[in-house]
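Novice: sequence first, then the predicted structure, then my questions.
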Amino acid sequence: MEQVFLKYIDDPNQHKIDTYIEHGGYQAIQKVFKEYQPTEVIDTVKASGVRGRGGAGFPAGLKWSFVPQNTGKPIYLACNGDESEPGTCKDRVIMENNPHLIIEGIMICCYAINAHHAFIYIRGEFAHPAARVEAAINEAYAKGYLGKNIFGTGFDLDIIVHTGGGAYICGEETSLLSSIEGSRGNARIRPPFPAVEGLYKCPTVINNVETLSSLPSIFNNGVEWYRSHGTEKSPGTKIFSLSGNVNKPGNYEVDLGTPLSYVINDLGGGIQNGHKLKAIIPGGSSTPLLMPDQIDTPLDYEAVAEAGSMLGSGAIIVIDERSCMVWVLMKLINFYAHESCGRCTPCREGTAWLKQLINRIENGDGQPGDIELILDVCDNIMGRTICPLGDAAVMPVRSFIQHFRDEFEYHIEHKKCKVETDYPFV
């Protein structure tokens, strides 16, 4: 399979500008400057069908078209490199090993939307990726690829790295904007949407690292080439972060629509030590489970949704027969309860209640009726919060109980795990 993001990932110098240029870097932006008007760039990105790789899968070109021009206000681009979804580390590998790909993608987007200031928001714990991106930006300035009058076109662009405070909520786009502005990373009520009123109350586009990194390949190779990868509605390639009970965890780039079984068995080497597959989280910890009989589900937005889950961020977490699903869910809900910003009551109180109930079941103190109470709490969170964190907490809870209710019932009745194993993480 042809790769876009990881093509030169094994070159130890790919993060340096000279090596990036040797491999064809910064040709796409020069082509864009010479051959395209901004509206034509947007039309090309629309035609390519590239979708947001942060989780929602919203068409990138369509998002750009929402930005109003001639408002008298500056337009901003915010590149989302927060990547706090458990199991996800795809953006990190791009930031560490191919940061100029992100910069070139940012340049293309900024030209299209008429933005002259861009921010790369990087998760606070990502010290090394942030340093790599900062160094790459400095190299680009030194070459004259950033700053004033880039390539003699009269186009100006400045890029600023902003590191976050280590909060999961800051991966949500409006929380990210609040954090950049210096406020606590709380979500904002929408509308207005960021495209109209975002950073500093100005029109703002927010795109994921992987989304923006897709752009140079589209303009270097053409829309037809890009659409030759993936499916009709989910074109292109995507990085999947494979973790859990597999023999070869890691980041793998494949065409969208590739069977899940190929990623797990062919690329990931199958289930650890020949154990039996129990369940799969296909798109990050917030997505509902897929079961073993769904392992051949194509990895594209539509097929995974039809299977009852979400492609999300592309973090595939494999769970084998040795794992107690009550224990796994306890770990997940503890994370979401800890990361709730506390702004809205259903999420603040609801995730805390879910944590308390699921922890007491796992700890042998579960009571009859706890499962029904958990599901009732879920009903009072889902769709009632300012941002999607509440929904993200509820979806795995509902899914785990739907598929493994017997393990929860066993825990409540017998005060211990139904799974009997010497596996150390039960």
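Specialist: Okay, I see it. Residues are numbered from 1 along each chain as shown.
Novice: apart from its chain neighbours, what residue comes closest to Ala47?
Specialist: Val223 (4.9 Å; CB to CB, 6 or more residues apart in numbering). Backbone N, C-alpha and C define where each C-beta goes, glycine included.
Novice: what's the distance between the one you found and Leu215?
Specialist: Noted for Val223: a distance of 12 Å to Leu215, by CB to CB, to the nearest Å.
Novice: which one's more surrounded, the two?
Specialist: Leu215 (29 against 18; other CB atoms under 10 Å).
Novice: quick one: Trp228 from Gly49, how far?
Specialist: Trp isn't right for residue 228; it's Ser. In this view, Ser228 and Gly49 are 12 Å apart by CB to CB.
Novice: no no, Asn273
Specialist: Shown here: Asn273 relative to Gly49, a distance of 40 Å by CB to CB.
Novice: what do you get for Val419?
Specialist: Distance of Val419 to Gly49, given as CB to CB: 43 Å.
Novice: who has more neighbours out of the two?
Specialist: Higher neighbour count among Val419 and Gly49: Gly49, with 20 against 17, using other CB under 10 Å.
Novice: what's near enough to touch the more buried one?
Specialist: Pro59, Tyr226, Arg227, Glu232, Lys233, Ser234, Pro235, Gly236 (CB atoms under 8 Å, 6 or more residues apart in numbering).
Novice: same thing with Pro298?
Specialist: When contacts are counted by CB under 8 Å, 6+ apart, Pro298 touches Thr231, Gly257, Thr258, Pro259, Leu260, Val304.
Novice: just want the phi and psi numbers for it.
Specialist: Per-residue torsions, Pro298: phi -60, psi 140 (degrees, to the nearest 10).
Novice: below-threshold pLDDT in the protein: ranges please.
Specialist: Of all residues in the chain, those with pLDDT under 70 make up the ranges 1, 421-426.
Novice: before we move on, back to that, give me the buried subset of the contacts of Gly49.
Specialist: Taking 16 or more other CB atoms under 10 Å as the criterion, what is buried in the contacts of Gly49 is Pro59, Tyr226, Arg227, Ser234, Pro235, Gly236.
Novice: and which of these is nearest Ile401?
Specialist: Proximity of these to Ile401 (CB to CB) peaks at Ser234, which lies at 29.4 Å.
Novice: and His100, what element?
Specialist: Using DSSP states H and E, His100 falls within helix 99-113.
Novice: now do the buried residues in that helix.
Specialist: Buried residues in helix 99-113, counting neighbours by 16+ other CB under 10 Å, are found at 99-113.
Novice: how far away from the center of its chain is that helix?
Specialist: Chain-centre distance of helix 99-113: 18 Å, with CA atoms, centre = their mean, to the nearest Å.
Novice: next SSE downstream of that helix?
Specialist: From helix 99-113, the next helix or strand downstream (DSSP H and E) is strand 117-122.
Novice: tell me, how many residues neighbour Gly57?
Specialist: By the measure other CB under 10 Å, the count of residues near Gly57 is 22.
Novice: surely it touches Tyr301?
Specialist: Yes - shown here, Gly57 and Tyr301 form a contact pair, counting by CB atoms under 8 Å, at 4.5 Å.
Novice: any common contacting residues for those two?
Specialist: By CB under 8 Å, 6+ apart, the residues touching both Gly57 and Tyr301 are Arg51, Ser234, Leu311.
Novice: list the beta-bridge partners for the first one.
Specialist: Bridge pairing for Arg51 (DSSP bridges) gives the partners Pro59.
Novice: quick one, domains of this structure?
Specialist: 17-227, 240-320, 325-414 (automatic domain parsing).
Novice: which of the shared contacts of Gly57 and Tyr301 lies closest to Pro203?
Specialist: Checking the shared contacts of Gly57 and Tyr301 one by one against Pro203 (CB to CB), the nearest turns out to be Arg51, at 21.1 Å.
Novice: roughly how far apart are the closest one and Pro59?
Specialist: Distance of Arg51 to Pro59, given as CB to CB: 6 Å.
Novice: start to end distance for stretch 13-28?
Specialist: Terminal residues of stretch 13-28 are spaced 20 Å apart (CA to CA, to the nearest Å).
Novice: before we move on, what about stretch 25-42?
Specialist: Its start and end residues considered, stretch 25-42 measures 21 Å (CA to CA).
Novice: could you do stretch 34-41 as well?
Specialist: 12 Å.
Novice: just stretch 334-350 next, same as before
Specialist: Distance between the two ends of stretch 334-350: 12 Å, counting by CA to CA.
Novice: buried residues of it, list them for me.
Specialist: Phe335, Tyr336, Ala337, Glu339, Ser340, Cys341, Arg343, Cys344, Pro346, Cys347, Arg348, Gly350.
Novice: show me what it is in contact with.
Specialist: Counting by CB under 8 Å, 6+ apart, 84, 86, 167-169, 175, 184-187, 285, 351-352, 354-355, 359, 377-378, 380-381, 384-386, 389-390, 392-393 sit against stretch 334-350.
Novice: about what we covered before: can you redo the shared contacts of Gly57 and Tyr301 as JSON lines with distance to Ala142?
Specialist: Formatted as JSON lines, the shared contacts of Gly57 and Tyr301 follow (distance: CB to CB, whole Å):
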{"residue": "Arg51", "distance to Ala142": "34"}
{"residue": "Ser234", "distance to Ala142": "38"}
{"residue": "Leu311", "distance to Ala142": "39"}
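Novice: which ones are touching Ile150?
Specialist: With CB under 8 Å, 6+ apart, Ile150 has these contacts: Phe33, Met107, Gly144, Asp156, Leu157.
Novice: leaving out sequence neighbours, find the closest residue to the third one.
Specialist: The spatially closest residue to Gly144, leaving aside those adjacent along the chain, is Ile150, at 7.0 Å (CB to CB, 6+ apart).
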